[in-house]
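[1] Sequence below, structure please.
(2 chains)
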Amino acid sequence: MSLSTQDVEKVARLARLAMTAPEIETARAQLSGIFDLIAEMQAVDTSGVEPMSHSQDLSQRLREDVVTEANQREAFQAIAPQVEAGLFLVPKVIE
Amino acid sequence: MQWEIVIGLEVHAQLSTNSKIFCGASTAFGAEPNTQADAVSLALPGVLPVLNKGAVERAIKFGLATGAHIAPRSVFARKNYFYPDLPKGYQISQFDLPVVGQGALTILVEPLSGNAKPYEKTVRITRAHLEEDAGKSLHADFHGMTGIDLNRAGTPLLEIVSEPDMRSAAEAVAYAKALHTLVRWIGICDGNMQEGSFRCDVNVSVRKPGGELGTRREIKNLNSFKFMQQAIDYEVQWQIDTIENGGKVQQATILFDPDSGETRMMRSKEDAHDYRYFPDPDLLPLDIGSDWIDAVRATLPELPHDKQARYVNDLGLSAYDASVLTSSREMADFFEAALGDATAQAKICANWIIGEVSAQLNRDGLDMAQCPITAQQLGGMLTRIADGTISNSGAKEVFRTMWAEGGDADAIIEAKGLKQVSDSGAIETLVDEIIAANADKVAEYRSGKDKLFGFFVGLAMKASKGKANPAQLNDILKQKLAG
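    Next up, the predicted model:
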């Protein structure tokens, strides 16, 4: 399967990646290669095999509903670029 | 042109766990910003989610309470989007294998206009799934920047999705209220709408009756039933006007502005299919065994709908009374405790609670849990009404005193001299005296002037200082006046 330039541009936009035209072309070729590999795998007959959501056939371990974490805001915010009044500051979000 | 309204709801109920869904940070509301944002909430590199058993248990409870299938194996998925209050760049949710499958909720709908009667309706619930909440963005001005508080990030939510089964704003509100009652009833969510613990998204479309579904617009984040009603009414009219004027409804997410009473566009939904869900490799499938389900089932209280049926069938209450009494567990518990074994008094007990008690709570701005009188106090008073010790007006006096000063019914009746005279000998003496003193009126009455009966009742009541048992007095008067 061969991806189009538009496909790559769309994925890049969703992933918030700014890509130049040569980068898009490189990514297009590489991603198409991955899709070829998938196509090869899909040729295998898997009828009768139940789909798995995880590579390990185990089930999720659960934790008890107990608060175990103390406030470490000072430590965490020491490495943040900008904080004020206990808040992390980010570039303005306009919806 | 006739239009049919089609409404479906998505409700996010914040689960009442102590800790977050995938980490041990606290979920308490109102803490200082980011003091409950641990390494997992912040999505620091290398952290891994570990699922909270309490969140799963609450989801199971909900499934059982709505007659739904609990998935023996369900899967967590990543829903990918970028927003600064979601530091991982994806929300952990469930997609094609949710924990709770199809269920249903039966509601009592009170039509909003006209004299239409309340009716029952069953709304199908498509699914309910577990997911994490995002943080909060504060758009107040921080030098042109946005402030982010991640305390809420990772709070467990149960997203409850209904089928598009509702056909009016009244039905949508009735369903939302019934769901709100249920989640509090089974103790999985505190239902505090001001704090955002119970948020409703409403999908609205219109169509020609029986025709294909119209294009829907989704009203986001309604946090009061009143706004829900207003938002739906406005939106329905907007869609009908748009179509009748030759326009087309475009799929969109909209917000309701309570100040203007209007809905407005938030963003177009063209990217809706670009969340690129995939199974979260950090989380293994969630297995729920039948032994766990049975253990949870054993903790379920009698549900509102079952209680309503019992009140109607066994206690002879109306569907409306039964529905009001089961609007919260506190109210139903109060009713049952006040009633005790005196099931014959169910109607009068219901009337007192729905009438005087609720009205007084309302006036004092209290809810049922803060009621200053206990169910036992009310029950004591009801016993004295039933056995004829006090009249209705005497009961009102007892009630007012109880509310303001406390005390049990018997003590108040004694202290205020409210005991009515039910001694037929005493009433007969009193009636004899009145008849003797008013021979002319008695003669008029006997010659057919029935209206005078009230005059005699008045005199007798006055003579007894209002304490004569009215039913008994009536009987004796009738008998003696007949001559």
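[2] Helix, strand or coil: sort out B:F335 for me.
    Counting by DSSP: H, G, I helix; E, B strand; the rest coil, the backbone at B:F335 sits in helix.
[3] Count the residues that sit near it.
    For B:F335, the count of nearby residues is 28 (other CB atoms under 10 Å in any protein chain shown). C-beta coordinates here come from the backbone N, C-alpha and C atoms, glycine included.
[4] Return the per-residue confidence for the closest residue to it other than its chain neighbours.
    Sequence neighbours aside, B:L325 is the residue nearest to B:F335 in space, at 4.9 Å (criterion: CB to CB, 6 or more residues apart in numbering or on different chains). Predicted confidence (pLDDT) at B:L325: the value is 96.
[5] Am I right that B:L325 is in contact with B:M331?
    Yes - with contact defined as CB atoms under 8 Å, B:L325 reaches B:M331; the gap is 5.8 Å.
[6] Can you pull the residues that touch both of those two?
    Common contact partners of B:L325 and B:M331 (CB atoms under 8 Å, 6 or more residues apart in numbering or on different chains): B:I353.
[7] Chain A contacts on the stretch 251-400 of chain B?
    B:266-267, B:271, B:274, B:276, B:279, B:281, B:283-287 (CB under 8 Å from any CB of the partner chain).
[8] what kind of secondary structure is the residue in the stretch 101-250 of chain B that chain A sits nearest to in?
    Closest approach between the stretch 101-250 of chain B and chain A, counting by CB to the nearest CB: B:G147, at 3.4 Å. Under three-state DSSP, the three-state class of B:G147 is strand.
[9] So it is in contact with A:L89, correct?
    Yes - under the criterion of CB under 8 Å, B:G147 makes contact with A:L89 at 6.0 Å.
[10] Compare those two (neighbour count), which wins?
    Higher neighbour count among B:G147 and A:L89: B:G147, with 23 against 20, using other CB under 10 Å.
[11] What is the subsequent helix or strand relative to the helix or strand containing B:M381?
    Per DSSP states H and E: B:M381 is located in helix B:375-386. Counting by DSSP H and E, the element after helix B:375-386 in chain order, helix or strand, is helix B:392-405.
[12] Tell me the buried residues in that next one?
    B:394-395, B:397-399, B:401-403 (16 or more other CB atoms under 10 Å in any protein chain shown).
[13] closest to chain A among those?
    B:W403 (39.5 Å).
[14] what about the residue nearest to B:F335, how many neighbours?
    24.
[15] For it, list the residues it contacts.
    B:307, B:311, B:317, B:331-332, B:335, B:350, B:353-354.
[16] By neighbours, which of those residues wins?
    Neighbour max across the contacts of B:L325 (other CB under 10 Å) = B:F335, 28 neighbours.
[17] got the contact list for that one?
    B:325, B:349-350, B:353, B:375.
[18] Helix or strand for B:N115, just tell me which one.
    Here B:N115 is assigned to no helix or strand, by DSSP H and E.
[19] In a strand, B:H139, correct?
    Yes - the assignment for B:H139 by three-state DSSP puts it in a strand.
[20] Residue 12 - how many residues pack around it?
    No chain in the question, so chain A it is. Counted with other CB under 10 Å, A:A12 comes out at 15.
[21] look at chain B instead
    18.
[22] Also B:L283?
    Neighbours of B:L283 (other CB under 10 Å): 20.
[23] Now it: phi and psi?
    Per-residue torsions, B:L283: phi -130, psi 130 (degrees, to the nearest 10).
[24] hang on, isn't it packed against A:L58?
    No - judged on CB under 8 Å, B:L283 makes no contact with A:L58 at a distance of 11.0 Å.
[25] Show me the shaky parts of chain A.
    The model of chain A has pLDDT under 70 over residues A:1, A:94-95.
[26] what does chain B give?
    Short version for chain B, where the test is pLDDT under 70: B:114, B:267-273.
[27] Flag every buried residue along the strand ranked longest in it.
    Secondary structure of chain B per DSSP state E: the longest strand is strand B:119-132. Within strand B:119-132, the residues scored as buried using 16+ other CB under 10 Å are B:121, B:123, B:125-132.
[28] what's near enough to touch residue 19?
    Since you didn't name a chain, this refers to chain A. A:8-9, A:12, A:27.
[29] ah, no, chain B please
    B:S19 neighbours (CB under 8 Å, 6+ apart): A:65-69, B:25-27, B:52, B:54.
[30] Any residue of the lengthiest helix in chain A touching chain B?
    Identified as the longest helix of chain A according to DSSP state H is helix A:21-42. No - between helix A:21-42 and chain B, judged by CB under 8 Å from any CB, nothing touches; the nearest distance is 13.7 Å.
[31] At the geometric centre of chain A, which residue sits there?
    Most central in chain A under CA atoms, centre = their mean is A:A15, positioned 8.1 Å from the mean C-alpha point.
[32] residues in chain A within reach of chain B, list them.
    Counting by CB under 8 Å from any CB, the residues of chain A near chain B are A:14, A:16, A:53-56, A:58-69, A:71-73, A:76-77, A:82, A:84-93, A:95.
[33] count of residues packed around residue 28?
    Going with chain A. Around A:R28 there are 19 residues (other CB under 10 Å).
[34] not what I meant, chain B
    12.
[35] One more: A:H54?
    Neighbour tally, A:H54, other CB under 10 Å: 17.
[36] and it, that one's in a strand?
    No - counting by three-state DSSP, A:H54 is not part of a strand but coil.
[37] Which positions in the top strand by length along chain A come out as buried?
    The longest strand of chain A (DSSP E) is strand A:87-91. By neighbour count with 16+ other CB under 10 Å, strand A:87-91 contains the buried residues A:87-90.
[38] Spit out the contact partners of the spatially most central residue of chain B.
    Among the residues of chain B, the one closest to the centroid is B:T181, at 3.9 Å (CA atoms, centre = their mean). Contacts for B:T181 (CB under 8 Å, 6+ apart) come out as B:304, B:326-328.
[39] again, 10 Å this time
    B:105, B:107, B:191, B:303-304, B:323, B:326-329, B:331 (CB atoms under 10 Å, 6 or more residues apart in numbering or on different chains).
[40] roughly how far apart are it and B:T122?
    16 Å (CB to CB, to the nearest Å).
[41] since we're on residue 57, how many residues are nearby?
    In the absence of a named chain, this looks at chain A. A:D57: 8 neighbours (other CB under 10 Å).
[42] that's the wrong chain, I wanted chain B
    Neighbour tally, B:E57, other CB under 10 Å: 20.
[43] my read: it touches A:D65, true?
    Yes - between B:E57 and A:D65 there is a contact at 8.3 Å, judged by CB atoms under 10 Å.
[44] Spit out the residues that contact those two alike.
    Common neighbours of B:E57 and A:D65 (CB under 10 Å, 6+ apart) are B:15, B:17.
[45] Now do the same contact list for the residue located most distally from the centre of chain A.
    Computed with CA atoms, centre = their mean, the maximum C-alpha offset from the centroid of chain A is found at A:A85, amounting to 31.0 Å. By CB under 10 Å, 6+ apart, the contact set of A:A85 is B:32-34, B:138, B:140, B:142, B:147, B:149.
[46] Looking at neighbours, which among those is most surrounded?
    Neighbour max across the contacts of A:A85 (other CB under 10 Å) = B:N34, 28 neighbours.
[47] and the nearest residue to it once chain neighbours are set aside, how many neighbours?
    Residue nearest to B:N34 in three dimensions, not counting chain neighbours: A:R73, with 4.9 Å by CB to CB, 6+ apart. By other CB under 10 Å, 19 other residues sit near A:R73.
[48] Repeat that for B:S197.
    B:S197: 22 neighbours (other CB under 10 Å).
[49] What is the longest helix anywhere in chain B packed up against?
    Counting by DSSP H, the longest helix found in chain B is helix B:225-244. Judged by 3 or more CB pairs under 10 Å, 6 or more residues apart in numbering or on different chains; DSSP states H and E, helix B:225-244 is in contact with strand B:4-14, helix B:169-185, strand B:198-207, strand B:217-222, strand B:252-257, strand B:262-268.
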